[in-house]
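Asks: Fold the following and give me the result.
(2 chains)
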Amino acid sequence: MIVGAPRGLQPVNGTTHPLSAVQETLSPVPDVTASCHIPNSSSSSSGGGGGDKEVVLTNGKPIETSSPASASSLLNRLQLDDDLEADTLDLYASTETRDLFVTVDDPKKHVSTMETYITYRVSTKTSRIEFDLPEYNLRRRYQDFDWLRMKLEDSQPTHLIPPLPEKFVMKGVVDRFSEEFVETRMKALDKFLKRVADHPVLSFNPHLNAFLTAKDLNKRQGLALLTKVGESVKQAAGGYKLRARPPEYCVMGEYLDTFNQKLGTMDRIAQRILKEQTEYLVELREYGSVYAGWAGSEDALTRPLEGVAGCVSTCCGAMEDLSEGMSQELLPVLREYVLYIESMKNVLKKRDQSQAEYEGRLEAAVIRKQEEKTPVPVEVEKCQDRVECFNADLKADWERWQSNKRQDFRQLLTSMADKNINYFEKCQSAWESLVSQLQDDQAENTNETNCD
Amino acid sequence: MCQVCARDITDTFMVERETALLKKIDINVAESEKRSGKNTVNMQETYTVYLIEIRPANAAEGGLPVGDSPWRRYSEFELLRTYLLVTYPFVVIPPLPEKRAEFVWHKLSADNLDPDFVERRRLGLENFLIRVASHSVLSKDKIFYQFLTEEKGWREAVLETGFQDKADSRLKSLSATLRVKNPDKSFTDLKQYSDELNSAISHLLRVRAKVADRMYGVYKVHGNYGRIFSEWSAIEKEMGDGLQSAGHHMDTHSASVDDILEEEEHYADQLKEYLFYTDALRSVCRKHELIQYELEMAVLDLASKKQQREELTTGAVRVFSLKGMSSKLFGQESPEQRESRLAALQQSIQASEDAVLDKNQECREFMRMSWEEVKRFKEQKDRELREALISYAIMQISMCKKVGDNMGTATCDPHHVTRTM
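Replies: Here you go, the predicted structure:
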């Protein structure tokens, strides 16, 4: 298995502000693989990959350095042209044809003597040479996804790993095997895998490859391949204190905190709405049945009363659909982003630690240099590189995350509005057909009396 | 007296159906005003009065009002209605709007001085007057006309009719348990129907109030989205405008519930009117029961007197009586005594026979007239409730359209929200 060259690297200088909109003058945006010193990168196992200033993929294809720039200017133009389709472009994906497609579906329950659990079918279609076959189909359970995520976090600590749906569910409260729960979880797993597969760096991770292709995941042993960056970041645990965090990362941190708070509030509002809608439904059902009951003691009014009862009943069904849709679509996305924020904050913390280590070592080296006249050791340079790569990766992932977030929430809000519109349309058409029916009846009756 | 009245009414009822008062005049309860005054227990109170304006029906706009254009308060309307109830017991008397706000959902005020309540009451009172004025019998009532036109002296005129005595005596007989031996089936059915209708409509109004409450809650919680989107938009660059717009739409959506529920109150008022109509129906049934009961009593009375006569003439004592016992014990009475007693009894029997004939006549008349009334009422009810239900459906349609449109502009306005995100 071959790891592709890490692509999301750029020099620390000249990055765009993480929160900025797409710039008019486009400085090199992540995905342009400018050079970056990664001595002895294990990634360049195919010849000529690492340590090279040339910008190539391991499969020999040159990367279109103009691609992100053109992607964003394209987006600009398309926005001005009112072309909605542009918005669905993933800004940070290569505009080359995507070559890795993954899907999670088809949940099945497995019952064994020890335990009962659900597996999902994971299908892969790819043209990448890192994969031996163009297609794969196998079954994975939640544990396997959890393993994958852990491995990704370990091996790519400078990157933001998408979140998984929650692992633990209170046995008494939620039915782990209910159709709704399984469906919701499956969609979240599918999203997770797709995000990983769309990531320019993560998608080349060997653990992902294993997850998608191996019959058995050797979960205990794990694959020993860690990028050097990964190793070094792991080693930089504690011991160093960060003096000054660059403001751009402070801004990121603040944004995440505020956004987290807003998400929490939105989740609460959504839950409250669902609760109110449920109680509304209870009363509405009784309301409909009262009309039906009244119809029983009337004769001329039976049709209109039964008609009203029917309309109310239709509205109840429509409201049920609306509530279900909200619960299945809205709540999971809100929760997903809360988990995402947690992930991102962890990455920020690790970045801080990496910078702290660098600064610490640098300081020590500078002192020694002054005293002993020795040159700055290679380790310190390595540290600097690591920090720079970390910053670059983080900023790239931040931009990507922001873009995904915009897309996801736009889609979510549109979908919620559509569901509501659908609800009102269903109600409206039920009442309309009742009115026309009753007015026809009336016309008939007046005709009859006229003919008498 | 009752008999004469009945005959008079019958004639006019049959012949002058078409010339109801309403054809000649327009009735309008134009305004309401707050007044303060001392009430019957000499305590200061605030109450509302309503202005009654009558104009000739075919006059051009701004025709001169007829009469004094009196200001009346709710209790005076109640007095008028009670008078009509007693005086025309075979008529299904139109109801007044409710005395106190009932079936309220929490936001709606239960306060009688609340302007919305006063406004709905004003409409209800106008409706009541119009219904009375379009009734072929009721519209001819002098007291009614005086109510519409004379500011002073109306109260005295009503009390002078002595209707309250009739009301009292009726109440007395109603409080006694009536056991009618041969109840008329159609009236029993009518009473049952009015009970069912009463139960159905009150149930409906109760549940509707709960539905309104819940609906209000759902809409209002959506308003929280408006606030949170606005707060969220402050920390976003690209998404800011889109979120603001979405927030505004949420606020609009949330606020729309007030209008929706206000409109529904009108529908509720229509239902309430028919709820109160069931009381008028029950009133007619009770009056019939009373007359039937009186007839049966008269028949029994006649039968017992006839039996007494038979005993006197034949001397046969069929039934144990104190007189019989005492004559056995203390000797028979003299032939003269017997003669005079027989004569008195004969007179009494004659009176009883007349009474039975009269009561029978009264009963038949009442049944005939009230049945006409009930038929007319049923037609009116079927027609009006059907229209009310259709209007309700149309109101739902327009509500769905309005709310749906607001949501629609939120999504594709034109693609404004989503595009700016």
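
Asks: Report the separation between B:Tyr50 and B:Arg81.
Replies: 15 Å (C-beta to C-beta, to the nearest Å). For glycine as for every other residue, the C-beta is placed from the backbone atoms N, C-alpha and C.

Asks: higher neighbour count, those two?
Replies: Using other C-beta atoms under 10 Å in any protein chain shown, the more surrounded residue of B:Tyr50 and B:Arg81 is B:Tyr50, with 22 against 17.

Asks: wait, what's in contact with the more buried one?
Replies: Contact partners of B:Tyr50, counting by C-beta atoms under 8 Å, 6 or more residues apart in numbering or on different chains, are B:Val29, B:Glu31, B:Ser32, B:Glu33, B:Trp71, B:Arg72, B:Arg73, B:Tyr74, B:Arg121, B:Arg122, B:Leu125.

Asks: In helices, which of the residues you listed fall?
Replies: Using DSSP state H, the subset of these located in helices is B:Tyr74, B:Arg121, B:Arg122, B:Leu125.

Asks: With distance to B:Arg214 added, can I get the contacts of B:Tyr50 in a markdown table?
Replies: Below are these laid out as a markdown table (distance: C-beta to C-beta, whole Å):
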| residue | distance to B:Arg214 |
| --- | --- |
| B:Val29 | 34 |
| B:Glu31 | 36 |
| B:Ser32 | 32 |
| B:Glu33 | 37 |
| B:Trp71 | 40 |
| B:Arg72 | 38 |
| B:Arg73 | 36 |
| B:Tyr74 | 32 |
| B:Arg121 | 27 |
| B:Arg122 | 30 |
| B:Leu125 | 32 |
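
Asks: Just the closest of those residues to A:Arg351, please.
Replies: B:Arg121 (70.7 Å; C-beta to C-beta).

Asks: Leaving out sequence neighbours, find the closest residue to that closest one.
Replies: B:Pro97 (5.0 Å; C-beta to C-beta, 6 or more residues apart in numbering or on different chains).

Asks: For burial, what's the neighbour tally of the residue lying closest to A:Met416 once chain neighbours are set aside?
Replies: Leaving aside its chain neighbours, A:Met416 sits nearest to A:Leu330 (6.0 Å; criterion: C-beta to C-beta, 6+ apart). The number of residues packed near A:Leu330 is 21, by other C-beta under 10 Å.

Asks: the helices in the chain, which residues?
Replies: With no chain named, the answer covers chain A. Under the criterion DSSP H, chain A contains helices at A:67-80, A:142-155, A:179-198, A:206-213, A:228-235, A:247-295, A:302-325, A:331-372, A:378-451.

Asks: should've been chain B
Replies: B:2-15, B:21-24, B:74-87, B:115-133, B:142-149, B:154-160, B:163-175, B:185-233, B:240-314, B:322-330, B:335-411, B:416-419.

Asks: Make TSV out of those helices and add distance to A:Leu148.
Replies: Shown next, in TSV, are the helices of chain B (distance: least, C-beta to C-beta, whole Å):
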stretch	distance to A:Leu148
helix B:2-15	91
helix B:21-24	83
helix B:74-87	76
helix B:115-133	63
helix B:142-149	87
helix B:154-160	91
helix B:163-175	84
helix B:185-233	32
helix B:240-314	34
helix B:322-330	110
helix B:335-411	36
helix B:416-419	33
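
Asks: Quick one: closest of these to A:Gln428.
Replies: Across the helices of chain B, A:Gln428 has its closest neighbour in helix B:335-411 (3.7 Å, C-beta to C-beta).

Asks: just to revisit the earlier point, among the helices of chain A, show me which one is buried the most.
Replies: Stretch with highest mean neighbour count among the helices of chain A: helix A:206-213 (a mean of 21; mean count of other C-beta atoms under 10 Å in any protein chain shown).

Asks: Neighbour-wise, which one of the ones in helices among the contacts of B:Tyr50 leads?
Replies: When neighbours are taken as other C-beta under 10 Å, the top entry among the ones in helices among the contacts of B:Tyr50 is B:Arg121 (23 neighbours).

Asks: circling back to that earlier point, make CSV from the helices of chain B and add mean pLDDT and distance to A:Lys194 to it.
Replies: Below are the helices of chain B laid out as CSV (pLDDT from 0 to 100; distance: least, C-beta to C-beta, whole Å):
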stretch, mean pLDDT, distance to A:Lys194
helix B:2-15, 41, 83
helix B:21-24, 62, 74
helix B:74-87, 92, 70
helix B:115-133, 89, 55
helix B:142-149, 90, 78
helix B:154-160, 87, 83
helix B:163-175, 65, 79
helix B:185-233, 93, 25
helix B:240-314, 89, 24
helix B:322-330, 62, 108
helix B:335-411, 89, 25
helix B:416-419, 45, 21
